[in-house]
Structure formats: C-alpha cells, structure tokens
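In: I would like to see how this sequence folds:
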Amino acid sequence: MDLPEIKVLADAAGVAKEAAERIARHVHESIELRDRFSIALSGGSTPKLLYQLLAKEPYRSQIGWERLDVYFGDERCVPPDHPDSNHRMARESLLSAVPIPEGNVHRMRGEADPEQAAKEYGELLKEKFGDGGPDLVLLGMGDDGHTASLFPGTAALQESKHRCVANYVEKLKTWRLTMTAPFINRSAGVLVMVSGQAKAQRVQEVLEGPRDPERLPIQLIQPTSGRMAWLLDAGAAGMGRE
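Out: Have a look, this model is predicted:
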C-alpha cells in the first residue's frame with residue numbers, strides 16, 4: 001500500500017477546485033479506457049462547494065455525465081427531500097444541473113428501515129462491482145475523526161464482510177447508512193477533503209499519530225490497491241496557527 005498523497009490548498013474553495021480538476025481528469029481517463037466512471041459522493045460543506053463547481057462551466061462540459069454512475073458513501077436515515085439528506089444536497093447542488101440520466105444515480109433509501117436499506121444497497125454494490133469497488137470515493141472527515149458514517153466506537157468499525165451497513169450513532173441518537181471501510185478500500189481512488197482550522201489537530205493525529213481507528217475511524221481507510229489523496233486547506237493543515 002502506497003502512502004497517501006497530501007496536498008495543501010489555500011482555503012476550502014481551493015480544495016474544491018483541486019478536487020474538481022482531479023475528478024474531471026479521472027472521468028476523462030476512465031471513459032477513454034472503459035467507457036464508464038463510478039463515483040461515491042460525500043455529504044458536507046466542502047463537497048457541496050465541489051458539486052457547485054462541477055455543475056458549472058468548464059467542468060459541466062468536460063465530464064461525460066451520461067457515462068457516470070453515482071453512488072453515495074453514506075446517508076442520514078431521512079426521506080430524500082429532507083434538509084439533512086445527502087442525496088438532496090447532491091441533487092440540488094449538482095445532479096439536477098447536469099445531464100446525468102436518472103438511472104445512473106443510485107441513492108441509499110434513507111426513508112426505509114435502516115437494516116433493510118443497508119441490505120438493499122449492499123446487494124446493489126455487489127451486483128455492480130462484484131469483488132471490486134468504485135473508481136473514486138469522495139470522503140470528508142469530522143472533527144471527531146469520523147468519515148462517511150463510520151463514527152468512533154460504533155459497530156460498523158468492526159464490519160469485515162458487508163459492503164454497506166446500518167450504523168447506530170449513540171452520540172447523535174440516530175441511525176446512519178454507510179459504506180464499510182473494507183468496501184471503500186476496494187476502490188481505485190479515495191479523495192479526502194478537509195477544511196477548517198478546527199480540524200487541524202485531528203488531521204495531525206490521524207496522519208502522524210499512533211493507529212487508533214476505534215477513536216479515529218478514518219484511519220481504517222487504506223485502499224488495498226488504489227490511491228488515496230488528502231486535500232487540506234491551510235487551516236486544516238495547521239498552517240497559520242499562532
């Protein structure tokens with residue numbers, strides 16, 4: 001396994017622009033080779049900036065949307081029109097503004113029974129990817145070290161078999177649907193976007209500290225044969241602190 005790439009940008013807008021450039025390039029290369037590209041989207045404020053960029057020129061015209069398959073790394077257990085829905089955020093900021101066929105967007109059914117919804121999504125991922133994974137998984141990181149809906153101390157961190165699980169998050173008193181770390185690690189690429197000075201200490205612990213994935217779940221993300229890159233803004237990288 002290669003060490004992850006770490007790139008520092010000036011601010012959250014810079015992180016989003018760098019991610020957009022990489023995605024446009026990855027999509028082009030993949031479509032040239034295999035005529036398809038699969039991506040798992042993330043929720044969060046920095047990904048939203050990215051999606052708003054991708055929905056506009058020049059990226060809107062650079063990407064072959066009709067050959068793109070969109071998945072979700074995690075979802076809140078709410079209906080798709082709920083303000084907290086990752087699908088709603090992605091739809092409003094990106095998917096409704098680009099010519100992607102409806103059948104190419106594979107959402108998690110946050111409104112359904114969590115265990116049933118996770119089972120359905122896991123079966124879909126198995127059907128689509130077999131023993132492999134997506135071309136690219138987008139991730140963020142919370143200030144507690146969680147990624148997707150893999151939260152510290154939760155049962156999903158122990159998952160070794162399933163591709164998607166329902167995960168109860170005690171501190172939020174809520175269920176989440178999430179891709180599992182073993183499945184994410186099958187992807188050809190992982191792009192982690194982190195912005196904000198509030199996350200600087202956690203970023204340092206994750207990248208430089210001892211391995212403790214029960215406390216810092218994002219440490220579970222180590223692609224087995226794919227590439228991993230961290231895009232940090234100056235704040236998250238700990239630059240500019242007194």
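
In: Could you pull up phi and psi at Arg76?
Out: Here is the backbone geometry of Arg76 (degrees, to the nearest 10): phi -80, psi 150.

In: My guess is it contacts His82. True?
Out: Yes: under the contact definition of Cβ atoms under 8 Å, Arg76 touches His82, with a separation of 7.4 Å. Just so you know, the C-beta spots here come from the backbone N, C-alpha and C atoms, and that holds for glycine as well.

In: who's more crowded, the two?
Out: Looking at Arg76 and His82 with other Cβ atoms under 10 Å, you find the greater number of neighbours at Arg76, namely 21 against 13.

In: State the distance from that one to Arg107.
Out: 12 Å (Cβ to Cβ, to the nearest Å).

In: same check, this time on Pro152
Out: With distances taken as Cβ to Cβ, Pro152 is found 26 Å from Arg107.

In: isn't Ala155 right up against Tyr168?
Out: Yes: taking Cβ under 8 Å as the definition, Ala155 is a contact partner of Tyr168 at 7.1 Å.

In: the more surrounded of these two?
Out: Of the pair Ala155 and Tyr168, Tyr168 is the one with more neighbours under other Cβ under 10 Å, namely 15 against 12.

In: For the more buried one, which three-state class applies?
Out: For Tyr168, the assignment made with DSSP: H, G, I helix; E, B strand; the rest coil gives strand.

In: Name the SS class of Pro223, please.
Out: In the three-state summary, Pro223 is assigned as coil, counting by three-state DSSP.

In: the strands in this structure, which residues?
Out: Taking DSSP state E as the criterion, the chain carries its strands at 5-9, 37-41, 68-72, 74-76, 136-139, 164-169, 174-179, 189-194, 227-233.

In: okay if I get those strands as TSV plus mean pLDDT and distance to His146?
Out: What follows is the strands of the chain, written out as TSV (pLDDT from 0 to 100; distance: least, Cβ to Cβ, whole Å):
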stretch	mean pLDDT	distance to His146
strand 5-9	98	19
strand 37-41	98	16
strand 68-72	98	16
strand 74-76	98	10
strand 136-139	98	10
strand 164-169	98	9
strand 174-179	98	10
strand 189-194	98	12
strand 227-233	98	15
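
In: So which bits of whichever helix in the chain runs longest are buried?
Out: With secondary structure taken from DSSP state H, the chain has its longest helix at helix 12-34. Neighbour-count burial for helix 12-34 flags 12, 14-20, 22-24, 26-27, 30-31 (criterion: 16 or more other Cβ atoms under 10 Å).
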